[in-house]
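S.K.: Just the structure for this:
(2 chains)
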There are 2 protein chains.
Amino acid sequence: MAELVGNLLVAQSGGPTSVINASVAGVIQEAGKHGMIEEIYGGLNGIFGILNEDLIDLNEERAKTIENLKYTPGPALGTCRYKIDFKKKPEHAAKEMDRLFEVFQAHNIRYFFYVGGNDSQDTSNKIHQEAVKRNYEMRVVGVPKTIDNDLPHTDHCPGFGSATKYNATTVMEIGMDVGGMATDEGSCCIIEVMGRTAGWIAAGTVLAKRFPSDPPHIILVPEVPLNEEAFLNKVKETVAALKYCVVVVGEGMKNAKGEYLDADASRMDAFGHPVLSGAAEHLAEVVQSKLNTKTRTVKLGYAQRSAAHLSSLRDIEEAVMCGEAAVRAAVDGRSGFMVKLVRSSDNPYHCATDLQDLNDIANAVHLIPREWISEDGFMPNEQLIQYARPLIEGEPKLQFDGGLPKYAQLDKMPVDKVLPARG
Amino acid sequence: MAELVGNLLVAQSGGPTSVINASVAGVIQEAGKHGMIEEIYGGLNGIFGILNEDLIDLNEERAKTIENLKYTPGPALGTCRYKIDFKKKPEHAAKEMDRLFEVFQAHNIRYFFYVGGNDSQDTSNKIHQEAVKRNYEMRVVGVPKTIDNDLPHTDHCPGFGSATKYNATTVMEIGMDVGGMATDEGSCCIIEVMGRTAGWIAAGTVLAKRFPSDPPHIILVPEVPLNEEAFLNKVKETVAALKYCVVVVGEGMKNAKGEYLDADASRMDAFGHPVLSGAAEHLAEVVQSKLNTKTRTVKLGYAQRSAAHLSSLRDIEEAVMCGEAAVRAAVDGRSGFMVKLVRSSDNPYHCATDLQDLNDIANAVHLIPREWISEDGFMPNEQLIQYARPLIEGEPKLQFDGGLPKYAQLDKMPVDKVLPARG
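M.R.: You can find the predicted model right below:
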């Protein structure tokens, strides 16, 4: 394998996680060890910014800033939801691909790393294939990232552990609050978490449970369609026994007809738009109206994927590992792969990185196996607990300033543009 | 002043805070120093449980558990929303008061401490007045607690600092997430926090702002009615300038007519119930439909008053101080007071406890002074920042177990009941 000398470009894509920057730090720190990698550039806002030639020089950043990126939420380079769409707009997409390779060529990019979820791995794959087709020597390796934990072929995804640590802690704390207020009247609290297709995020909150009567008492995952009657019975039973009930629901929860719970066409606002109040609000209305039990909702939303103040040290370390492994693979001549995590043991936990062909990633989604959930569908079982528990372990040492976490901020020294502006 | 020998009863009431148990720990630890206080009892679920003679022996708890209570969320003794209502049900209330004093007498309770907000201080006052009327020697001192920060006569309320530290951190982290994803499309995120009458909780998130362009970009407080047009203009301007806009809204936000934003009679669900989607959901619909800007919501709900994993050390220390001061005041012969915090200096911050007559607390609410908010009503100014900043300072050392915070749990050794069950 001839040594490929040139510059590196790393970018981030899609919804961030608490540890998305840890992977970038891993890429930068590992790249610094390899002489054939000359400049280390960051692409701003993923493909979207790269098309605009918005690159920054990461070698100009302080080493300490790069180290602190590991503990910093939000995508430090910026992300996008932009897709080069060959299906819907083939001509436009072909032009964009041309532009992309103009940028790569103009800056002698020979190593390209894209940190992202399903769509972003697909983009990485297209770029790899184009490079081969164009005979442009460049090594493309995808770095996995998603709190949804739904990428196939990897044991789990960086970002999931931290989201789960935060969500499980939050559910535990809310449970102590609601449980402590429980009197004869009874009450219910419904907590909505992310996860459109897979229920990993909701399921992970089972870790808050140390005793059978602990919250959460019901966990609803999109993998098991809602049986409303059974759900209401379960809430009723729980309130009767404990005087309160804590429910966790994944936002992508569906009814028996396969429709999202919050897409209720009968509910329109004054403007004629459907009321998108969310799965938790929908369930709260059902519980309140059918059981007459006081019900409150919590919607963690973006908080759960940015709560770096409570990220998992193991998750951070693995996110770094994935970034490092991507660089090593590329230096070794590999292209068209995604880094994956392979677990060899739960206890003691042991996990290493390996590579998976990017062709195997697209259009596949990793769902919770049905046998990891109780028969009634309301609670993940010991298999899921064993899987998820090691992923939330360890706490990073945080720095605080004036009572708030102190996070890294890149200087973002721009790389001079050499191309005419995008047409 | 003759020494009053007898037993102590401490109880908690209303919506908990992250530090409500710290005040109880302060009461217990201080009480242990005074020989005239013999037994130290806890009342379960406030007045509601005391009426049922549900008392526990706090002297049986391990000293370490009591110390760890300072860092433990949820009301360790349980709370209630129960009120002895002399206005609506005078006869029933009189009977309940009789029962309450039967319980006090049966257990020789001579020191009573109620940790709570506005309603609970009112209850403390009624109990104090009844004790005087009945010539039953007992010292009653209220301990302030509410994340709402709306108790009058005290500089601030224990619980507010921790809620603000958590909320400001969350807003900062969400801002990094949303800001990092901002591309030309533009987006808006609306975060709903608590506060039905006063906007302190929403206003406190201004601490997340270190530079003028930092999130939050708009803070809506109930003290300033919503001007929808001006609000939409402000969102539009912000998105135009920064490509994103983070809004924080207090749940009690009202429109110009003085109605809650989420009480929109035109929006009914399939059962004919009004859709109580909350202030953030309401605003999101407005922004999305009128500006066509992608908008997402977060509703922190109970999380913000139970997130002890991110409580303020100063808040914990002051909550303990308030509990200790209550015991010292009672031992000194005072009754019918609430402990209050008196600030003598912002920088260096200095705050001490004092007492306020409970008659001064009822029916008064501490709102944000209008001059602490910008003229357009969308942002608290330097005066609020100076007030709130010291309250979020300091981080307690947390213990973790298996990746989750380890919180104290009381053994709750019951005190033998000596009265017939409540009729």
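S.K.: Export only the CA atoms of stretch A:410-419, formatted as PDB.
M.R.: The C-alpha coordinates for stretch A:410-419 follow below in PDB (Å, rounded to 0.1, in the frame of the first residue of the first chain):
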ATOM      1  CA  LEU A 410     -13.400  26.500  18.500                       C
ATOM      2  CA  ASP A 411     -11.600  29.600  17.200                       C
ATOM      3  CA  LYS A 412     -12.600  28.400  13.700                       C
ATOM      4  CA  MET A 413      -9.800  29.900  11.700                       C
ATOM      5  CA  PRO A 414     -11.100  29.800   8.100                       C
ATOM      6  CA  VAL A 415      -9.200  28.100   5.300                       C
ATOM      7  CA  ASP A 416      -8.800  30.500   2.300                       C
ATOM      8  CA  LYS A 417     -11.300  29.800  -0.400                       C
ATOM      9  CA  VAL A 418      -9.800  29.100  -3.800                       C
ATOM     10  CA  LEU A 419     -12.900  28.400  -5.800                       C
END
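S.K.: residues contacting the residue nearest the centre of chain A?
M.R.: Computing the C-alpha centroid of chain A and ranking residues by CA atoms, centre = their mean puts residue A:146 first, at 2.0 Å. By CB atoms under 8 Å, 6 or more residues apart in numbering or on different chains, the residues touching residue A:146 are A:14-15, A:17, A:116-118, A:157, A:159-160. (C-beta placed from N, C-alpha, C; glycine too.)
S.K.: quick one, helices of the stretch 51-200 of chain A?
M.R.: For the stretch 51-200 of chain A, the helices defined by DSSP state H, counting those that start in this stretch cover A:63-69, A:90-106, A:118-133, A:160-180, A:200-204.
S.K.: hmm, back to that, need the nearest residue in space to the residue nearest to the centre of chain A, chain neighbours excluded.
M.R.: In space, and not counting its chain neighbours, residue A:146 is closest to residue A:117: 3.7 Å by CB to CB, 6 or more residues apart in numbering or on different chains.
S.K.: from memory the one you found sits against residue A:14, does it?
M.R.: Yes - between residue A:117 and residue A:14 there is a contact at 4.9 Å, judged by CB atoms under 8 Å.
S.K.: which residues are common contacts for the two?
M.R.: With CB under 8 Å, 6+ apart as the test, residue A:117 and residue A:14 both reach A:145-146.
S.K.: The residue nearest to the centre of chain A and residue A:198, how far apart?
M.R.: Distance of residue A:146 to residue A:198, given as CB to CB, to the nearest Å: 10 Å.
S.K.: With residue A:211 instead?
M.R.: Counting by CB to CB - residue A:211 and residue A:198 are separated by 27 Å.
S.K.: Comparing these two, which residue is more hemmed in?
M.R.: It is residue A:198, of residue A:211 and residue A:198, that has more neighbours when counted by other CB atoms under 10 Å in any protein chain shown, with 22 against 5.
S.K.: What is the burial count for the nearest residue to that one once chain neighbours are set aside?
M.R.: Nearest non-adjacent residue to residue A:198, counting by CB to CB, 6+ apart: residue A:150, 4.0 Å away. Neighbour count of residue A:150, defined by other CB under 10 Å: 22.
S.K.: Tell me who's in contact with residue A:150.
M.R.: Applying CB under 8 Å, 6+ apart, the residues contacting residue A:150 are A:117-118, A:157, A:197-198, A:200, A:365-367.
S.K.: what's the pLDDT at it?
M.R.: pLDDT, residue A:150: 96.
S.K.: Could you tell me the model confidence score at the closest residue to residue A:300 other than its chain neighbours?
M.R.: Spatially, and ignoring its direct neighbours in sequence, residue A:300 is nearest to residue A:193 (5.7 Å; CB to CB, 6+ apart). On the pLDDT scale, residue A:193 is placed at 97.
S.K.: Was I right to think residue A:193 contacts residue A:205?
M.R.: Yes - if you go by CB under 8 Å, residue A:193 and residue A:205 touch, sitting 7.0 Å apart.
S.K.: What backbone torsions are found at residue A:391?
M.R.: phi -80, psi -20 (degrees, to the nearest 10).
S.K.: From chain B, how far out is it?
M.R.: As judged by CB to the nearest CB, to the nearest Å, residue A:391 and chain B stand 8 Å apart.
S.K.: Any figure for the gap between that residue and residue A:339?
M.R.: 17 Å.
S.K.: What residue in the stretch 151-300 of chain A comes nearest to chain B?
M.R.: residue A:176 (2.8 Å; CB to the nearest CB).
S.K.: Using CSV, list the CA coordinates for the helix or strand hosting residue A:50.
M.R.: Here residue A:50, judged by DSSP states H and E, is contained in helix A:46-51. Provided in CSV are the C-alpha atoms of helix A:46-51 (Å, rounded to 0.1, in the frame of the first residue of the first chain):
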residue,chain,number,x,y,z
GLY,A,46,-21.4,19.1,7.0
ILE,A,47,-21.9,18.7,3.3
PHE,A,48,-23.9,21.9,3.2
GLY,A,49,-20.9,24.0,4.2
ILE,A,50,-18.3,21.9,2.3
LEU,A,51,-20.3,22.8,-0.9
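S.K.: tell me what that helix is packed against?
M.R.: Helices and strands touching helix A:46-51, by 3 or more CB pairs under 8 Å, 6 or more residues apart in numbering or on different chains; DSSP states H and E, are strand A:6-12, helix A:90-106.
S.K.: Give the partner strands of the first one in its sheet and their orientations.
M.R.: So that's strand A:6-12. strand A:37-43 (parallel), strand A:109-116 (parallel) (DSSP bridges).
S.K.: Taking helix A:90-106 as reference, get the angle to the shortest one.
M.R.: Interaxial angle of strand A:37-43 relative to helix A:90-106 (axes from the mean of the first three to the mean of the last three CA atoms, to 10 degrees): 140 degrees.
S.K.: Just grab the bridge partners of residue A:350 for me.
M.R.: Beta bridges link residue A:350 to residue A:345, judged by DSSP bridges.
S.K.: need the residues of the stretch 1-150 of chain A near chain B, please.
M.R.: A:12, A:15-16, A:45, A:48, A:72-82 (CB under 8 Å from any CB of the partner chain).
S.K.: and which of those residues is nearest residue B:61?
M.R.: residue A:73 (38.2 Å; CB to CB).
S.K.: which ones are touching the residue nearest to that closest one when sequence neighbours are not counted?
M.R.: Among residues not flanking residue A:73 along the chain, residue A:308 sits closest, at 3.7 Å (CB to CB, 6+ apart). Going by CB under 8 Å, 6+ apart, residue A:308 touches A:18-19, A:71-73, A:162, A:405, A:407, B:173.
S.K.: Most neighbours among these, which one?
M.R.: That'd be residue A:19 among those, by other CB under 10 Å, with 36 neighbours.
S.K.: hang on, isn't it packed against residue A:311?
M.R.: Yes - with contacts counted by CB under 8 Å, residue A:19 reaches residue A:311, the gap being 6.0 Å.
S.K.: Find the residues that touch each one of these two.
M.R.: Residues touching both residue A:19 and residue A:311 by CB under 8 Å, 6+ apart: A:161-162.
S.K.: which stretches of chain A have low pLDDT?
M.R.: Residue ranges of chain A with pLDDT under 70: A:1-2, A:263-277, A:423.
S.K.: what do you get if the cut-off is 90, keeping everything else the same?
M.R.: A:1-3, A:81-87, A:183-185, A:196, A:259, A:261-278, A:362-364, A:422-423 (pLDDT under 90).
S.K.: so where do the strands sit in it?
M.R.: A:6-12, A:37-43, A:55-57, A:109-116, A:139-144, A:187-193, A:218-220, A:244-250, A:294-299, A:337-346, A:349-357, A:400-401, A:404-405 (DSSP state E).
S.K.: Output these as TSV; include the columns distance to residue B:91.
M.R.: Formatted as TSV, the strands of chain A follow (distance: least, CB to CB, whole Å):
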stretch	distance to residue B:91
strand A:6-12	67
strand A:37-43	74
strand A:55-57	75
strand A:109-116	68
strand A:139-144	68
strand A:187-193	28
strand A:218-220	41
strand A:244-250	31
strand A:294-299	27
strand A:337-346	63
strand A:349-357	64
strand A:400-401	55
strand A:404-405	53
